[in-house]
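[1] just to be clear, the model below is a prediction. Sequence and coordinates:
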Amino acid sequence: MKITRAITIVCFLLANIVQAEPRTCRIVFPDRPPDAPASAYLFDGAKSHRVDLPSMNLSDVIELPEGEIKIAMVLTEISDSGQLPAEAPTLVISEDVSDFYILISPDPENKVLPVKMELIDASEGKLNAGETLWCNFTGHRITAKLGGADLTVEPNSQAISKQPVDASGYYTASLSYQVEGKGETKAITEQSWWHDAKSRHLGFISYSEGQLPRIYYFRDFRIPQE
């Protein structure tokens, strides 16, 4: 009887062990020049992952090793650190970062691959489903009315906006800017956007060739794991 009970307890504990989520990242390249490569390889110190470098979408989800790692981006597949060009774009990922985005921007000075990488930490509790992380790369102050949520993003900074509506659906997104953070506020755009309450979102504000700042908006939808 005692043995049977012990086996039952062990089986119950094993059945309820929660498998650790893999460390993941996605790549985004909002200001991608027309002549930039469409794909590359992300080397994690032991393995190369072929990755797309899209401008209008996020890349596929990439799984990476745990612990502190140094990742590099190169044009050709490599399998050993000794093959890594000295000037390749690199990024150090600390042990506590379990989920993140890699923001790619042009770097014409880099002769190995003309890009640079920036880490956006999205580990648990930093960016929740339904929220949007806004990154303002301009000297302007950005203000917005996003459904029922108000947003202010100071020049060259980041901010998170809460869910614009309680459930998935359309809402009105009205964005404005204050030139160099001073003077009158000018309208950028007013549109009807779709909100996915189950996805995280990224918004980027950058300079453009015209007068108005350019807005990029991405939805990070992921198919639930079975």
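    Right, received. Where do you want to start?
[2] give me the sheet partners of whatever helix or strand residue 186 lives in and which way each runs.
    According to DSSP states H and E, residue 186 maps onto strand 185-195. Sheet pairing here is set by DSSP bridges, and for strand 185-195 it gives strand 169-178 (antiparallel).
[3] which other residues reach the strand it pairs with?
    By C-beta atoms under 8 Å, 6 or more residues apart in numbering, the residues outside strand 169-178 that reach it are 138, 140-148, 164-165, 184-195, 205, 212-213, 215. Every C-beta, even on glycine, is put in place using the N, C-alpha and C of the backbone.
[4] any weak-confidence spans in this protein?
    Within the chain, the stretches with pLDDT under 70 are 1-20, 223-226.
[5] can you show me the helices along this protein?
    With DSSP state H as the criterion, the chain has helices at 2-15.
[6] run through who's touching stretch 35-48.
    For stretch 35-48, contacts defined as C-beta under 8 Å, 6+ apart pick out 27, 29, 49-53, 62, 64-65, 69-79, 81, 84, 88, 102, 106, 113-115.
[7] just the buried subset of these, please.
    27, 29, 49, 51, 53, 62, 64, 69, 71-74, 78, 84, 88, 102, 113, 115 (16 or more other C-beta atoms under 10 Å).
[8] those in strands, which ones?
    27, 49, 51, 62, 64, 69, 71-74, 102, 115 (DSSP state E).
[9] tell me the one of these nearest residue 160?
    If you rank those by distance to residue 160 using C-beta to C-beta, residue 102 comes first, at 18.8 Å.
[10] residues in contact with the residue nearest to that closest one when sequence neighbours are not counted?
    In space, and not counting its chain neighbours, residue 102 is closest to residue 27: 4.8 Å by C-beta to C-beta, 6 or more residues apart in numbering. Counting by C-beta under 8 Å, 6+ apart, residue 27 makes contact with 42, 51-54, 58-59, 62, 101-102, 104.
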